[in-house]
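Peer 1: Provided below are the primary sequence and the corresponding predicted coordinates.
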Amino acid sequence: MSGDHHGSSAISERVRHVEALLEARGLVDEGEIDRSIDDFLAGGSPVNGARITARAWVDPGFRDRLLADANAAIRELGLSMAGGLQEQRLKVVANTEDEHNVVVCTLCSCYPIALLGPSPSWYKSEAYRSRVVRDPRGVLAEFGLELPAGTRISVWDASAESRYMVVPRRPEGTDGRPEEALAALVTRNGLIGTAAV
Amino acid sequence: MADRFAPGDVVRTSTADPVWHTRLPRYARGAVGRVVELAGHHPLADDRARGRPGTAQAVYHVRFAAADLFGDGEHDVTVELWEDYLEPADEQGGTP
Amino acid sequence: MSRINDVGGMVGFPAIAEEPDEPAFHADWEAHVLALNAALIRRGVYNLDEFRDAIERMEPAAYLSSSYYEKWFTAITTLLVEKGVATPEELAVPGTDPGG
């Protein structure tokens, strides 16, 4: 199954060989590769999504702006979707008492990397990509998320140019907590829709 | 060129099964859904993947009832689709 | 024709396996594959859609048995050959089978 990491030394040698060949041909340089990796690792993080979520919980005006034009709204927090090859459109959807949203890319692995960092391996797996559009309730239950029977589930397939983020529901009993403490409640799975928060 | 569809419009997706790269997933082909929102304008991925420049066209979030895609299910699935993949339809799925 | 990547709605795939505290990369070579691909797209050797296309054209059994970044590396080497940047023989580690 995909996601296994077998034959690691053989492929490692092949990658080194191709990289050296491309360096020799002047198509890449070593510094560029190292910088690119450093930038990637220092780029997006689920922490950004947690900050956005916490702000949306405490500031209804921000929430409205976020749902209407996420690229503009996240700039208010000093964040952007411009970290990749080009700025991508961000579409943010918010869970409510009646509706739960969950994101997938059935065709490949589209994900807001510039904002949230790399996606988890399960998000890229054929198992998740095939099953969540057909049986989201069953898939969410595997993640330990049992939704009430009356909650409508809305699946978003990232099949084109937008990237997606879910704003989870604010947990009960968190009134009056400071924004930073609220942000600490938010998980990466919550931002994809496979966890309640 | 003006966008062909607006939010609320009922559309039917193409049934074509191209041999090349395309971004209309198989499970959403030949299905009737409703345009939710414009998602920007971009050259068709099918063109770009074949080295053709293509001109920017509207891309839409289109919502389908799971029952219309799979025959059962109470959820909905919103797929992001280029205008070229869509034709106008009426509520019953026919051509208006 | 629908390609092997187009799995949405297919039945038969197993339960979803979560990996706790998963690192960004499981090995150094994965990071290099990601950076190589970004560099080649920046240089205009190929575009992102051609890259996706090359992944989708993988032989279905190989697609399903390859890890995520193994798929990427397969696509990169496919495109380097098709774009005339290098031959399969040049891309193979000396002393190994270029088809491998």
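Peer 2: Received, thanks.
Peer 1: helices or strands next to the longest strand along chain B in the packing?
Peer 2: Secondary structure of chain B per DSSP state E: the longest strand is strand B:32-43. Applying 3 or more Cβ pairs under 8 Å, 6 or more residues apart in numbering or on different chains; DSSP states H and E, one finds that strand B:32-43 contacts strand B:10-13, strand B:56-65, strand B:76-82. Heads up, the C-betas are built off the backbone N, CA and C, glycines and all.
Peer 1: cutoff 7 Å now
Peer 2: strand B:10-13, strand B:56-65 (3 or more Cβ pairs under 7 Å, 6 or more residues apart in numbering or on different chains; DSSP states H and E).
Peer 1: can the helix of greatest length in chain A be found next to chain C?
Peer 2: The helix spanning the most residues in chain A, taking DSSP state H as the definition, is helix A:8-24. Yes: Helix A:8-24 reaches chain C (Cβ under 7 Å from any Cβ of the partner chain) through A:8, A:11-15, A:17-19, A:21-22.
Peer 1: buried subset of these?
Peer 2: Taking 16 or more other Cβ atoms under 10 Å in any protein chain shown as the criterion, what is buried in those is A:11, A:14-15, A:17-19, A:21-22.
Peer 1: give the contact list for residue 39.
Peer 2: No chain in the question, so chain A it is. If a contact means Cβ atoms under 7 Å, 6 or more residues apart in numbering or on different chains, then residue A:39 has no contacts.
Peer 1: sorry, I should have been clearer: chain C.
Peer 2: A:28, A:32-33, A:36.
Peer 1: what does residue B:32 give?
Peer 2: By Cβ under 7 Å, 6+ apart, the neighbours of residue B:32 are B:10, B:12, B:68, B:89, B:93.
Peer 1: quick one: low-confidence parts of chain A?
Peer 2: Along chain A, the parts satisfying pLDDT under 70 run over A:1-7, A:84-85.
Peer 1: how about 50 then?
Peer 2: Applying pLDDT under 50 to chain A flags residues A:1-6.
Peer 1: what is the burial count for residue A:174?
Peer 2: A count of nearby residues for residue A:174, using other Cβ atoms under 10 Å in any protein chain shown, gives 13.
Peer 1: then residue A:136?
Peer 2: 27.
Peer 1: what's the helix or strand for the closest residue to it other than its chain neighbours?
Peer 2: Nearest residue to residue A:136, sequence neighbours excluded (Cβ to Cβ, 6 or more residues apart in numbering or on different chains): residue A:153, at 4.7 Å. Per DSSP states H and E: residue A:153 is located in strand A:152-157.
Peer 1: mind listing the strands for chain A?
Peer 2: Using DSSP E, strands in chain A cover A:90-94, A:99-104, A:152-157, A:163-167.
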